[in-house]
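Asks: return a 3D structure for these sequence lines:
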Amino acid sequence: MSAAAPTEPVPAGPAAPASAPAPSITPVVVRLKLSLLRNGLRQSAGRRAAYVTSAVLALLFAAFQLLGLIMLRGHPHIASVAVPGGALLALGWAVMPLFFPSGDETLDPTRLVMLPLRPRPLVRALLTASLVGVGPLFTALLLAGCAVTVAHGAAAWAVAVLAVPLALLVCVALARAVAAANIQLLTSRRGRDLAVLSGLVVAVGAQFVNFGMQRLGTAGLAQLDPVADVLRWVPPATAVGAVDSVSRGAYAVAAAQLALTAAALVALLRVWARSLTLLMTAPDASTLQSPDTAARERPGAGGLTRLLPAGRTGTVMERSLRYVWRDPKTKAAWVTSLAIGLIVPVFNALQGAGSPYFACFAAGMLGIQMYNQFGQDTSAFWMVALTISSPRDAYVELRGRALALLVVTLPYATVVTVLTTALLGEWGRLPQVLGLSFGVLGAMLATGAWMSARFPYSVPQEGYKNVAPGQAGLAWIAVFGGMLSAALLCSPVIALTVWTNVSASGDGWGWLLLPLGALYGAGLTLLGLRLAAPRTAARLPEILTAVSKG
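Replies: As a prediction, this is how the structure comes out:
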């Protein structure tokens, strides 16, 4: 039996390389952010012009604010402006995702749930990408101005170099944490409805800022000292407060404020990472609805609908009111009109520089909603057009829309007028102001019905524009032409109001303006509907073509 042949040793090959670390996704996400921005600007020249214009204006505003803060160096109460400034910037970043959810596509992390990404690298990548854009640059300039204003000495300047980026990171992380925690709301219909309140927030905020600036101009910056003492311990205002503390020689306080800012940043990043983990691992049940919930939310035939008139008039009124409640563009227009109509007279009255006749602004703002009545229907107007076969049908359609508007406008204008008169203490002019408001409202309803038939235009359902491309001229003619026509139609009531105020013999006749204005406004409304109905019935194809372009 032969012995087995010896096995030759196999030469050992090169050692297997160790597993290489995963590449960083941060450059990829940053390039993605730049690509989204670049591709968005390629869509149209108008979008590029709007972006460039808004960016230039924002940076110019930030530059002037930075220059103004630098010029205020040395003011004894300048820290009371710089510290709250940091808190206001953080507040803006916190509410930005809620009111502008479509402003940055990378705010929605659910777009990345199908990719094999872990939360920590994703947080680093998205945080870095968030620093790209006009908003972070705008914030950095203002934070730098706040820090420079309170920095005195080499140590304070050194702390400012650390405090400004730290405060900027807190602002960005706050916005991302808020967006991730509310992403299911922001991507739903209710979230889109929440975005329409941005106009209200801007309008109310601008009036509060105006009111506060006037108060500070008369009483001085010392009024902000108690507020600054509290906010210097609220991140990221603590970063600006740390620079001010070092300038005052309180190094221990400055260290505590910087540590508090860093702790806030770490906490926000952890909250953000936890929200990302839940979004990328938990099932999405936002579109599921139990049968019991559906049955409970299904609108019935009862409720307030029972108060509407029977027949076509009630149906048209209900449809118009549902547009106000459900359609985002219609709701945005109504919310803005309601807010501005209240803010202008009431804030002027609170400042002691107003007049009770400013309350007519509420009637005017809401009367604008009568213009372009068919534009909110868009291409679905064909269903309305099929039900109109005569001027009588068109009259009932327009009358129902006008009555739906009056359901909200009439009590609202009355409340604003009474409130403005009460704040000014000029109760003797209440009948005159109410009569003039009703006259203005009637004139705008009349011209709005006619303009809706003569100059209709489409309201795009997507995007932020309220006029379809190529129809801006129609919108300007409809709104401003209608407003001028309404002013001319209301001139008898205006002349009578002026006569009762400037003539000695008219002092005792001011109360007549209330019934006269109400009757005159009602007559104008009926006349306008009668004149607009035949034109509406005759121009149904043209109206459908105009409102279907969006």
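
Asks: for Asn372, pull up the helix or strand it's in.
Replies: Assessed by DSSP states H and E, Asn372 sits outside every helix and strand.

Asks: quick one: contacts for it?
Replies: For Asn372, the contact set (CB atoms under 8 Å, 6 or more residues apart in numbering) comprises Met451, Ser452, Phe455, Pro456, Tyr457, Val459, Ala475, Ala478. (Each C-beta comes from the backbone N, C-alpha and C, glycine too.)

Asks: for Leu169, see how far away it is.
Replies: In this structure, Asn372 and Leu169 are 46 Å apart, going by CB to CB, to the nearest Å.

Asks: next one: Thr313
Replies: Distance, Thr313 to Leu169, using CB to CB: 59 Å.

Asks: of those two, which one has the most company?
Replies: When Thr313 is set against Leu169 and neighbours are counted by other CB atoms under 10 Å, the residue ahead is Leu169, at 22 against 17.

Asks: that one and Thr261, how far apart?
Replies: When CB to CB is the yardstick, Leu169 and Thr261 sit 9 Å from each other.

Asks: Glu397 contacts Ile388, doesn't it?
Replies: Yes - with contact defined as CB atoms under 8 Å, Glu397 reaches Ile388; the gap is 6.3 Å.

Asks: what residues are shared contacts of the two?
Replies: In the contact map built from CB under 8 Å, 6+ apart, the residues linked to both Glu397 and Ile388 are Thr536.

Asks: who's more crowded, these two?
Replies: Comparing Glu397 with Ile388 by neighbour count (other CB under 10 Å), the higher total belongs to Glu397, at 24 against 18.

Asks: contacting residues for the nearest residue to the more buried one once chain neighbours are set aside?
Replies: Taking CB to CB, 6 or more residues apart in numbering as the measure, Glu397 lies nearest to Val316, with 5.8 Å between them; neighbours along the chain are not counted. Residues in contact with Val316, defined by CB under 8 Å, 6+ apart, are Val396, Glu397, Arg399, Gly400, Arg401, Ala404.

Asks: ok, Val316 to Arg401 distance?
Replies: 6 Å.

Asks: now swap in Arg322 and tell me
Replies: Plainly put, Arg322 is 12 Å away from Arg401 if you go by CB to CB.

Asks: which residues of the stretch 1-150 of the chain score low on pLDDT?
Replies: 1-22, 44, 46-47, 50, 97-114 (pLDDT under 70).

Asks: quick one on the thing from earlier: please flag which of the contacts of Val316 sit within helices.
Replies: Residues from those lying in helices, with DSSP state H as the criterion: Val396, Glu397, Arg399, Gly400, Arg401, Ala404.

Asks: pretty sure the third one contacts Gly528?
Replies: No - under the criterion of CB under 8 Å, Arg399 lies out of contact with Gly528, with a separation of 10.5 Å.

Asks: which one's more surrounded, the two?
Replies: Taking other CB under 10 Å, Arg399 and Gly528 do not tie; Gly528 has more neighbours (26 against 21).

Asks: more neighbours: Arg322 and Arg401, which one.
Replies: Arg401 (26 against 14).

Asks: can you give me the pLDDT of that one?
Replies: The per-residue pLDDT reported for Arg401 equals 92.

Asks: now Pro541
Replies: pLDDT, read off for Pro541, is 91.

Asks: which residue comes closest to it once chain neighbours are left out?
Replies: For Pro541, the nearest residue in space outside its immediate sequence neighbours is Ala385; the separation is 7.9 Å by CB to CB, 6+ apart.
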